[in-house]
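S.K.: Structure, please.
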Amino acid sequence: MSNVFQSHLVKQHSNRPARVMKMTTPHGSVTTPAFMPVGTRAYVNFMTPEDLTNAGSQIILGGNTYHMLCSPGVEVLQSAGGMHQFMNWNKPMLTDSGGFQVFSLSKNGKVCKIDDNGAHFKHPNSGQIIHLTPQSSIATQKIIGADIIMAFDECTPEAGGREAALAAMDRTHRWLFESKEEHEKNPNSAYGFRQALFGIIQGGSHADLREISTQKILEADLDGLAIGGEVIGFDMKKTEEIIDWVRPLLPAGKIRYTMGVGLNPQDLIDVVEKGIDIFDCVAPTRNARHGSLYHGHTVIKNDWLSFESELEKNHLAIKKSIYAKDENPILEGCECYTCKNYSRAYLHFLFKDKSVAYSNLACIHNIHVMQHVCNTMRDIILQN
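M.R.: Numbers count the residues shown, from 1 in each chain. As a prediction, this is how the structure comes out:
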């Protein structure tokens with residue numbers, strides 16, 4: 001494999017901003033749209049790398065910077081040769097900067113405090129004070145060794161209004177250029193692989209701030225662009241609106257990433273229609289573990305797609321007693337390992353018995369559905 005990062009536009013839908021991109025990394029290529037299962041702590045819950053590959057995953061979010069600093073620690077990762085070797089994932093990987101965890105932890109001032117230099121938090125086990133700055137975030141991501149790393153940012157809270165959004169945006173921009181400076185000292189990982197650096201557009205739910213932030217990220221001339229903030233993925237109508245604000249400013253040849261999008265299969269369809277390429281979310285595996293299994297099929301409507309099911313909210317609640325003797329698969333026609341081999345009755349039994357086997361089979365199904373939706377969108381765009 002070549003030691004480069006490149007991206008280019010393959011084809012755009014004739015009537016919509018939806019598009020297919022080709023992204024080349026030192027660990028292989030990705031053809032978008034692409035959903036990234038989340039391995040926050042160097043593993044995707046209840047799924048092996050083989051499970052992920054068989055479910056259609058091309059790329060994962062592997063190893064959050066904050067969590068890797070806490071456990072197992074960068075020394076362990078470096079000794080293993082990086083995250084790819086550590087978790088035996090040989091395909092492309094993205095990691096995040098720790099900014100979102102800092103945002104969530106800072107709600108408790110005793111655990112984490114933010115200032116203009118970065119975040120200062122207590123190790124959850126030892127109580128040791130750890131400083132996460134643009135410099136230490138990038139240095140940690142070098143040791144993680146992901147193909148795509150993120151500039152350190154402050155996730156924009158929605159509760160604080162415009163003042164909080166402006167403060168988070170200003171810090172994000174300051175940390176962006178510090179992150180770039182640190183990255184450019186050596187654009188490779190600790191193991192010699194080229195790493196792409198993405199910047200994160202902030203600005204909350206304010207159109208003018210989003211436009212200002214987009215211009216600042218473009219000024220840094222990075223490898224790709226992410227759209228972040230607490231609202232992204234949480235409020236899908238606002239997420240789509242924000243994408244419409246910034247998309248006219250975005251270059252066609254760079255990857256666009258909405259952070260935290262993927263609560264439901266329809267969410268992927270909605271952001272791809274708006275011109276987004278990649279996305280990640282913990283929800284598919286989390287929903288699966290709690291008994292909520294994706295149920296539905298993609299239907300062509302007005303030269304685009306919709307995810308539809310006869311079940312409420314396109315979810316099958318496997319805990320319900322009506323499935324105790326149901327010998328059908330979770331989803332008729334689904335080609336995932338679970339649906340091809342096991343019945344609703346068996347999964348209902350495993351769930352009620354609190355079996356680890358249930359979580360594995362359920363996660364396989366939900367991730368497969370997300371990847372199948374991506375495959376279908378890709379086909380629609382290429383054939384359009």
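
S.K.: where exactly do the helices run in the stretch 251-384 of the chain?
M.R.: Taking DSSP state H, counting those that start in this stretch, the helices of the stretch 251-384 of the chain run over residues 265-273, 283-289, 337-341, 344-352, 356-383.

S.K.: which sections of this protein are below the confidence cut-off?
M.R.: 1, 102-109 (pLDDT under 70).

S.K.: which residue is nearest the centroid of it?
M.R.: Per C-alpha atoms, centre = their mean, the C-alpha nearest to the average position across the chain is that of Asp280, at 2.0 Å.

S.K.: Who does that one form a beta bridge with?
M.R.: Met36 (DSSP bridges).

S.K.: ok, the nearest residue to Leu249 once chain neighbours are set aside to Ala324 distance?
M.R.: Here the nearest residue to Leu249 in space, its sequence neighbours aside, is Thr214; by C-beta to C-beta, 6 or more residues apart in numbering that works out to 4.7 Å. C-beta coordinates here come from the backbone N, C-alpha and C atoms, glycine included. Note on Thr214: its distance to Ala324, by C-beta to C-beta, to the nearest Å, is 52 Å.

S.K.: The two: who's more crowded?
M.R.: Thr214 (22 against 11; other C-beta atoms under 10 Å).

S.K.: and the more buried one, what is it in contact with?
M.R.: By C-beta atoms under 8 Å, 6 or more residues apart in numbering, Thr214 lies in contact with Ile201, Leu225, Val246, Leu249, Leu250.

S.K.: Distance of the second one relative to Glu219?
M.R.: When C-beta to C-beta is the yardstick, Leu225 and Glu219 sit 12 Å from each other.

S.K.: Could you check which of the two is surrounded by more residues?
M.R.: Neighbour tally, Leu225 and Glu219, criterion other C-beta under 10 Å: the higher count belongs to Leu225, 22 against 12.

S.K.: Who does the more buried one form a beta bridge with?
M.R.: Applying DSSP bridges, one finds that Leu225 bridges with Gly199, Arg256.

S.K.: circling back to that earlier point, looking at the contacts of Thr214, which are in strands?
M.R.: Ile201, Leu225 (DSSP state E).

S.K.: JSON lines for the contacts of Thr214, including distance to Gln128?
M.R.: Shown next, in JSON lines, are the contacts of Thr214 (distance: C-beta to C-beta, whole Å):
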{"residue": "Ile201", "distance to Gln128": "33"}
{"residue": "Leu225", "distance to Gln128": "35"}
{"residue": "Val246", "distance to Gln128": "39"}
{"residue": "Leu249", "distance to Gln128": "42"}
{"residue": "Leu250", "distance to Gln128": "41"}
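
S.K.: Would you mind checking the contacts of Thr214 for buried ones?
M.R.: Ile201, Leu225, Val246, Leu250 (16 or more other C-beta atoms under 10 Å).

S.K.: and Asp270, what is it in contact with?
M.R.: Per C-beta under 8 Å, 6+ apart, neighbours of Asp270: Met236, Thr239, Glu240.

S.K.: Is Ser7 located within a strand, as I assumed?
M.R.: Yes. Counting by DSSP: H, G, I helix; E, B strand; the rest coil, Ser7 falls inside a strand.

S.K.: neighbours of the nearest residue to it once chain neighbours are set aside, just the number please.
M.R.: Of all residues not flanking Ser7 in the chain, Met23 sits nearest, at 4.6 Å (C-beta to C-beta, 6+ apart). When neighbours are counted by other C-beta under 10 Å, Met23 registers 26.

S.K.: Now do the SS call for Met23.
M.R.: strand.

S.K.: a markdown table please, covering the buried ones among the contacts of Thr214 and showing distance to Val38.
M.R.: Below are those laid out as a markdown table (distance: C-beta to C-beta, whole Å):
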| residue | distance to Val38 |
| --- | --- |
| Ile201 | 20 |
| Leu225 | 20 |
| Val246 | 24 |
| Leu250 | 24 |
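
S.K.: List just the nearest of the residues you listed to Arg210.
M.R.: Val246 (5.5 Å; C-beta to C-beta).

S.K.: can you pull the contacts of that closest one?
M.R.: Going by C-beta under 8 Å, 6+ apart, Val246 touches Ile201, Arg210, Glu211, Thr214, Ile227.

S.K.: Which of the residues you listed fall in helices?
M.R.: Members of those lying in helices (criterion: DSSP state H): Arg210, Glu211, Thr214.

S.K.: these two touch, right, Lys254 and Asp223?
M.R.: Yes. Counting by C-beta atoms under 8 Å, Lys254 does reach Asp223; the two are 7.0 Å apart.

S.K.: which residues do these two both contact?
M.R.: Joint contacts of Lys254 and Asp223 (C-beta under 8 Å, 6+ apart) are Ser7.

S.K.: I'd guessed Tyr43 sits against Asn88; true?
M.R.: No. Contact status for Tyr43 versus Asn88: not in contact, 9.9 Å apart, counting by C-beta under 8 Å.

S.K.: Between these two, which has more neighbouring residues?
M.R.: Just comparing Tyr43 and Asn88: by other C-beta under 10 Å the higher neighbour count belongs to Tyr43, 17 against 10.

S.K.: Please tell me how far the closest residue in space to the more buried one that isn't next to it in sequence sits from Asn45.
M.R.: Closest residue in space to Tyr43, ignoring its immediate chain neighbours: Met87 at 6.0 Å, by C-beta to C-beta, 6+ apart. According to C-beta to C-beta, Met87 stands 13 Å off from Asn45.
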